[in-house]
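Quick one: sequence and predicted model below, then my questions.
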Amino acid sequence: MEIRTQVTSYVNDRILALRRQNQPPKLPTTSQSPSPQQDSAAPSPTPYQNISALRTNSMKFLPNFFPRASLAHLFLCFPDPHFKARKHKARIVSETLCAEYAYVLRPGGCVWCITDVEELAGWMRARFREFGKAGGTAREGEGPEKVGDGVGDGGEGLFARVEIPEEGREGEWEDRTVGMLVKCMRQETEEGKKVTRNGGKKFVDVWRRREDLPWPGES
Amino acid sequence: MSANGSLTQLSESISLTPDEYNVLCADKFGDVYALPLLGLASEQKRPNSPLLDAASGQAEPAEPVEPFVPSASSLTVHTKRNRNALTQQQKMTKKKPQKAPTTFEHQLLLGHVSLLTDVVCISLKSPAGSTRSYILTADRDEHIRVSRGIPQSHIIEGYCLGHTQFVSQLCLIKSQPDLLVSGGGDDFLLCWDWTNCKVRSRVDLKSHVTNFIKKGISQQLVDQPNDLKKQTNNDAGKVANHVAVSRIVSLDLQVSMSHEVLSKVLVAIEGSYITRGNVIDMAVIANQHRIIYSMDCIHTPFSTVVINDSDAQDAAPVIGGISFSSKTPVDEDLVAVMDVCAKQSTITTPESAAKGKTLRDLLYGLESLRKRGADGDTDEI
């Protein structure tokens, strides 16, 4: 889901190109078919059918697209850092938006974040870590967290941090899905490749959504 | 509220929690804050801090001013806009003093990324027998969000999606607490089974409003000068084209001799006219079966634009009342309006067009919530 029109049409063009370039070979047709069934046998499906890009404002309209607890994975790749303090509320991860991500994700589903801005990584980490903790949540006015501060101050939030492999070691990771997806975010995305070219650092975080708390007074 | 401070943002809507412990304030940035209703104890602990005014957000900084370090570097900016921001930040040598936080206890509960228009709370008995409290919020982007109440207001239970224009009013029915009536910029009201986020019925407003206005205008314009008649006609056409719900209230009436309760829902549309003035807002006095409304007698009937120049204006009342009993239907009661208090209007007729605009924006701000253009979004937030 992308808010910029040009980027959306660019992504859709890339998808169409990938589909065209990767069509499976057609079965040769003969004048005498042994049986009607073989002629109408379906060719193997064209790949890249399960991806598309949508031009929309996901900050406002995510709940319009997805019902409660419907998503297994949510990817936030290289979000706009919005450096100025007054633009912090335009960041794609905020205390209030975490509630929406928790709403569309099913319990056990994961949020995958990657950025090359250390301050933003600390910010996103603080928001997901503190979300849902009893007795108050991370104040918007608090300063940025340094990356590496992974210890909570007691109490469980709604998101649990998932251990991820270091760069270069994803292939050996026990959880093959996590290893593969982290590697994709780091190395297969255009932004990721650009950061590697420039010699910058990438910060990846994965958070798994826990089950909802029961209502107060109920078990 | 006897608070010694003020919120630094304009509050759009307030509501009281069912346990009457907290006041919920919704602001124009889309955040809902909970403030304790009786926060006297925490205020006395603090020193006498000056009233914080939204315009002058600077207070004396408590710590020494630190040098400012931008959090980005030239490696991490990828767009022209961010590069410009980084260049500006690198020129800054000192950190700006932070706005001092508000002086009383407040807690951010939840937020939409859009202007919040209304917030209501309610407690319901769950099937398990326990009490569940909910907070319902409506915004400019056609959402009605159902969240759990304090302390779990970050858990969203569901969204009631069905409006195609901004939602401006939410109204719960006391006698049927699982019913919600909502209205806004749409031509219709929606009635929800809100715990399941399902529409129960839709009430068309446009036809009723058009008929009401036509009838009202034909009765009103009998003795008005011709040019004013023409202006009002044009403007009433505008009111009829766009319906904006400014207030929904509900009143439960006990049907005598039986346990039946009749619920009446009253809807005020921006620019609608009753007897002596355009209705601005309404409130219910439940135990007297009465609804009070405030009205604007400065503009001509049904008009939100044209100023009434007649001399009788100075004695015009600003508050009116409607009394209900379950026997008489609403229409008849409108004829027999009872004045709860008739006050001298303290608003003087604006002399210039600019003042007129200020007044109009103050009284009739709902239409500005409507999104212009086919696509309400730009590429910026």
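Great, that's in hand. Numbers count the residues shown, from 1 in each chain, chains lettered A, B, ... in the order given.

From now on I want contacts and neighbour counts done on CA atoms only, so please keep to that.
Fine.

helix or strand for B:Thr210, which one?
Element membership for B:Thr210, per DSSP states H and E: helix B:206-220.

And that helix, what does it pack against?
Applying 3 or more CA pairs under 8 Å, 6 or more residues apart in numbering or on different chains; DSSP states H and E, we find helix B:206-220 packed against helix B:226-241.

average pLDDT for the helix it packs on?
Here helix B:226-241 scores 53 as its mean pLDDT.

C-terminal to it, what's the next element?
Using DSSP H and E, the next helix or strand after helix B:226-241 towards the C-terminus is strand B:245-254.

what's that following strand packed up against?
Checking 3+ CA pairs under 8 Å, 6+ apart, strand B:245-254 ends up next to strand B:167-173, strand B:176-184, strand B:261-269, strand B:277-285.

so what does the shortest one touch, helix or strand wise?
Here strand B:167-173 touches strand B:116-125, strand B:131-139, strand B:176-184, strand B:245-254, going by 3+ CA pairs under 8 Å, 6+ apart.

got these as TSV, with mean neighbour count columns?
Listed next are those as TSV, based on neighbours: other CA atoms under 10 Å in any protein chain shown:
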stretch	mean neighbour count
strand B:116-125	21
strand B:131-139	23
strand B:176-184	21
strand B:245-254	21
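
Using a markdown table, lay out those together with mean pLDDT.
A markdown table is the format used below for the helices and strands packed on strand B:167-173 (pLDDT from 0 to 100):
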| stretch | mean pLDDT |
| --- | --- |
| strand B:116-125 | 89 |
| strand B:131-139 | 91 |
| strand B:176-184 | 91 |
| strand B:245-254 | 82 |
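
So A:His73 sits against A:Cys113, correct?
No: A:His73 is beyond contact range of A:Cys113, at 10.9 Å (criterion: CA atoms under 8 Å).

Looking at these two, which has the bigger crowd around it?
Comparing A:His73 with A:Cys113 by neighbour count (other CA atoms under 10 Å in any protein chain shown), the higher total belongs to A:Cys113, at 22 against 15.

Just checking: what are the partner strands of the strand or helix carrying the more buried one?
Per DSSP H and E, A:Cys113 falls inside strand A:105-115. Strand A:105-115 sits in its sheet next to strand A:71-77 (parallel), strand A:203-209 (antiparallel), going by DSSP bridges.

send the alpha carbons of that strand over as PDB?
Taking C-alpha atoms only, strand A:105-115 is exported to PDB below (Å, rounded to 0.1, in the frame of the first residue of the first chain):
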ATOM      1  CA  LEU A 105      -2.800  -8.700  12.600                       C
ATOM      2  CA  ARG A 106      -3.900 -12.100  13.900                       C
ATOM      3  CA  PRO A 107      -2.400 -13.300  17.200                       C
ATOM      4  CA  GLY A 108       0.900 -14.900  16.300                       C
ATOM      5  CA  GLY A 109       1.200 -12.700  13.200                       C
ATOM      6  CA  CYS A 110       4.400 -10.600  12.700                       C
ATOM      7  CA  VAL A 111       5.400  -7.100  11.900                       C
ATOM      8  CA  TRP A 112       8.700  -6.800  10.000                       C
ATOM      9  CA  CYS A 113      10.500  -3.400  10.100                       C
ATOM     10  CA  ILE A 114      13.600  -2.400   8.400                       C
ATOM     11  CA  THR A 115      15.300   1.100   8.200                       C
END
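
Give me the phi and psi angles of A:Met59.
Note on A:Met59: backbone dihedrals following degrees, to the nearest 10 are phi -60, psi -40.

For the nearest residue to B:His143 once chain neighbours are set aside, give me its contacts.
Using CA to CA, 6 or more residues apart in numbering or on different chains and skipping the chain neighbours, the partner closest in space to B:His143 is B:Leu161 (6.0 Å). B:Leu161 makes contact with A:64, B:142-144, B:197 under the criterion CA atoms under 8 Å, 6 or more residues apart in numbering or on different chains.

which outside residues touch the helix or strand containing A:Arg14?
Element membership of A:Arg14 [criterion: DSSP H and E] is helix A:5-21. Helix A:5-21 is contacted from outside by A:2, A:46-49, A:51-55, B:379, using CA under 8 Å, 6+ apart.

mind putting these in CSV, distance to B:Ile291 and pLDDT included?
Listed next are these as CSV, based on distance: CA to CA, whole Å; pLDDT from 0 to 100:
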residue, distance to B:Ile291, pLDDT
A:Glu2, 48, 90
A:Thr46, 65, 79
A:Pro47, 64, 87
A:Tyr48, 61, 90
A:Gln49, 59, 91
A:Ile51, 56, 92
A:Ser52, 53, 93
A:Ala53, 51, 94
A:Leu54, 48, 94
A:Arg55, 46, 94
B:Asp379, 45, 44
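
that older thread, so which of the contacts of B:Leu161 are in helices?
Secondary structure from DSSP state H places A:Asn64 of the contacts of B:Leu161 in helices.

Please, a ChimeraX command that selects the buried ones among the contacts of B:Leu161?
The buried residues among these can be selected in ChimeraX (16 or more other CA atoms under 10 Å in any protein chain shown) with this line:
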select /B:142,143,144,197
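
and which of the contacts of B:Leu161 is nearest B:His112?
Set against B:His112, the nearest of these by CA to CA is B:His143 (9.0 Å).

For the stretch 151-300 of chain B, which residues are neighbours of chain A?
Contact residues (CA under 8 Å from any CA of the partner chain) of the stretch 151-300 of chain B with chain A: B:151-152, B:154-159, B:161.

Pull out the buried members of those residues.
B:152, B:154-159.

Return the set of buried residues in the helix holding B:Thr210.
B:206, B:209-210, B:213-214, B:216-217.

contacting residues around the closest residue to B:Arg202 other than its chain neighbours?
Once flanking residues are discounted, B:Arg202 sits nearest to B:Leu190: 4.6 Å by CA to CA, 6+ apart. By CA under 8 Å, 6+ apart, the contact set of B:Leu190 is B:162-163, B:181-183, B:199-203.

Let me have these in CSV, extended by distance to B:Ile292.
Formatted as CSV, the contacts of B:Leu190 follow (distance: CA to CA, whole Å):
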residue, distance to B:Ile292
B:Gly162, 30
B:His163, 28
B:Val181, 20
B:Ser182, 20
B:Gly183, 20
B:Val199, 30
B:Arg200, 29
B:Ser201, 27
B:Arg202, 26
B:Val203, 24
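
Do me a favour and get the end-to-end distance for stretch B:155-166?
23 Å (CA to CA, to the nearest Å).

what is the rounded mean pLDDT of that stretch?
What stretch B:155-166 shows for mean pLDDT is 94.

go on, stretch A:56-76?
What stretch A:56-76 shows for mean pLDDT is 94.

what does stretch B:90-100 give?
Per-region confidence: stretch B:90-100 scores 63 on mean pLDDT.

what's the spacing between B:Val267 and chain A?
Counting by CA to the nearest CA, to the nearest Å, the gap from B:Val267 to chain A is 27 Å.

Nearest spatial neighbour of that residue, chain-adjacent residues omitted?
B:Ile248 is the one closest to B:Val267 (CA to CA, 6+ apart), at 4.6 Å.

right, and that neighbour touches B:Cys171 too?
Yes: taking contacts as CA under 8 Å, B:Ile248 lies within contact range of B:Cys171: 6.0 Å.

Identify the contacts common to these two.
Here B:Ile248 and B:Cys171 have B:181-182 as joint contacts, going by CA under 8 Å, 6+ apart.
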